[in-house]
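[1] Provided below for reference: sequence and predicted model.
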Amino acid sequence: MTERGLLIKGVGSFYEVLTESGETVTSKARGAFRREGLVPTVGDHVIVERKEQGYAQLCEILPRRNLMVRPPVANVDQLLIVVSAGVPEPDWLLLDRLIIAAKRMRIVPVPVLNKIDDASGQIAKTFAEEYRAFDTLSVSAVTREGIDRLKDMMRGKVTCLAGQSAVGKSSLLNALIPDLHLETGDLSRKTERGRHTTRHAELWPFEGGAVLDTPGFSMFETDCLEQDELDACYPEFADAAPCRFPGCIHISEPDCGVKPLLASGALSEGRYERYCEIAQEYQYRRKHRYD
Ligand SMILES: Nc1nc2c(ncn2[C@@H]2O[C@H](COP(=O)(O)OP(=O)(O)OP(=O)(O)O)[C@@H](O)[C@H]2O)c(=O)[nH]1
Ligand SMILES: [Mg+2]
Ligand SMILES: [Zn+2]
């Protein structure tokens, strides 16, 4: 009997698969995967063939929608990009870069403001103003404010968390899934304890979807992005009039459709300033791509 399932954990050459019938089976991959250079990855949709009770063979990996490499996980639907309303102060440029990285992988970015119990009004204001083109969430892992809305947002989806250290990613995961017991704390405490605990990324079935237990996605797309691909990462640009020049990078070109969005308020100054920095970087990379 074959059945579809979600690969939720891999240990050595064994893979735990949550089958459509709701059972978790331990499976071993077909030898052919190795020859084909395929590595079963957490998040994969797979076909398993049931053998004896609780055991199965992993026969097929269904096509992936995307693949994150650090940590390795396939088919992520959304990335919660966490910033803190208290300490540490938000690194808005990192947030914008992670939004681009997510969109490039067809992952929906969701900016999340944590520590609203500890809020500086200014940060909450900037967050609300500059990211209103996105679905966002304001939460506190400590008071649990907003946690139910966060849960709703995760229903039926595969979710990962990302963001600077100490913004509260592990705390949020613990607030959602107390069984996780993830280590939390300030930076100095963490480095004292060392961070060489080898762990395998694992998906936790959650609200009909799953959440990755290992926050830490910090990888950016470093290759070249064409200007139109970068434009597509900015929902604010959707309403812009066409620019006079094709490939306009919206910085100093005449008759640019994007710049008027600043005056109309559809695009915030902060987002635009950081956009300019990012766009110039990609322009530089495109120029030197064959060096
Ligand atoms: N006031 C307040 N503090 C919080 C909140 N969430 C987390 N913290 C504190 O922030 C510190 C860092 O939290 P972690 O959950 O370890 O942060 P992290 O994002 O997982 O950090 P890394 O694992 O280093 O990437 C801890 O001391 C938490 O207790 C919150 O909502 N409010
Ligand atoms: Mg953590
Ligand atoms: Zn333009």
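    Sure, I can see it. Ligands and ions are numbered 1, 2, ... in the order given.
[2] Let me know the helix or strand that the closest residue to Glu253 other than its chain neighbours is in.
    Counting by C-beta to C-beta, 6 or more residues apart in numbering, Glu253 lies nearest to Phe245, which is 5.3 Å off, once chain neighbours are set aside. Where you see a C-beta, it was placed from the backbone N, CA and C, and this is true even at glycine. According to DSSP states H and E, Phe245 maps onto no helix or strand at all.
[3] so Phe245 makes contact with Ser252?
    No - between Phe245 and Ser252 there is no contact under C-beta atoms under 8 Å: 10.9 Å.
[4] For the stretch 51-200 of the chain, which segments count as strands?
    55-61, 67-69, 72-74, 78-84, 108-114, 137-138, 158-162 (DSSP state E, counting those that start in this stretch).
[5] Out of those strands, which gets nearest to ligand 3?
    strand 108-114 (22.8 Å; C-beta to the ion).
[6] how about low-confidence regions in the chain?
    186-200, 215-222 (pLDDT under 70).
[7] Contact partners for the residue most central in space within it?
    Centroid check for the chain by C-alpha atoms, centre = their mean gives Leu79 as the closest residue, at 2.6 Å. Counting by C-beta atoms under 8 Å, 6 or more residues apart in numbering, Leu79 makes contact with 98, 102, 107-110, 159-162, 217.
[8] Now for the closest residue to it other than its chain neighbours, how many residues are close by?
    What sits nearest to Leu79 in space, not counting adjacent residues and going by C-beta to C-beta, 6+ apart, is Ala102, at 4.4 Å. Using other C-beta atoms under 10 Å, Ala102 is surrounded by 25 other residues.
[9] mind checking how far Ala102 is from ligand 1?
    Using C-beta to the nearest ligand atom, to the nearest Å, Ala102 is found at 17 Å from ligand 1.
[10] what's the distance between that residue and Leu267?
    19 Å (C-beta to C-beta, to the nearest Å).
[11] And for Arg50?
    The spacing between Arg50 and Leu267, counted by C-beta to C-beta, is 54 Å.
[12] and the two? which has more neighbours close in?
    Leu267 (23 against 17).
[13] need the contact list for that one.
    236-237, 258, 261.
[14] now do 6 Å
    236, 261 (C-beta atoms under 6 Å, 6 or more residues apart in numbering).
[15] Now name the helix or strand holding it.
    Under the criterion of DSSP H and E, Leu267 resides outside all helices and strands.
[16] Quick check: Asn174 vs ligand 1, distance?
    7 Å.
[17] That residue - how many residues pack around it?
    17.
[18] check contacts around it.
    For Asn174, the contacting residues are 180, 182, by C-beta under 6 Å, 6+ apart.
[19] Would you mind naming what in the stretch 1-150 of the chain lies close to ligand 1?
    Residues of the stretch 1-150 of the chain found near ligand 1 (C-beta under 6 Å from any ligand atom) are 86, 114-115, 117-118, 140-142.
[20] Out of those, which comes closest to Tyr15?
    Nearest to Tyr15 among those is Ala141, at 31.1 Å by C-beta to C-beta.
[21] Distance of the residue nearest to that closest one when sequence neighbours are not counted relative to ligand 3?
    Closest residue to Ala141 apart from its sequence neighbours, by C-beta to C-beta, 6+ apart: Ser171 at 3.7 Å. Ser171 sits 41 Å away from ligand 3, taking C-beta to the ion, to the nearest Å as the criterion.
[22] ok, Ser171 - how many residues close by?
    19.
[23] residues contacting Ile8?
    Residues in contact with Ile8 (C-beta under 6 Å, 6+ apart) are 16, 18, 203.
[24] Return the list of helices and strands in contact with the lengthiest helix in the chain.
    When the chain is parsed with DSSP state H, its longest helix is helix 269-287. On a contact count with 3 or more C-beta pairs under 6 Å, 6 or more residues apart in numbering; DSSP states H and E, helix 269-287 meets no helix or strand.
[25] Brilliant, that's me finished.
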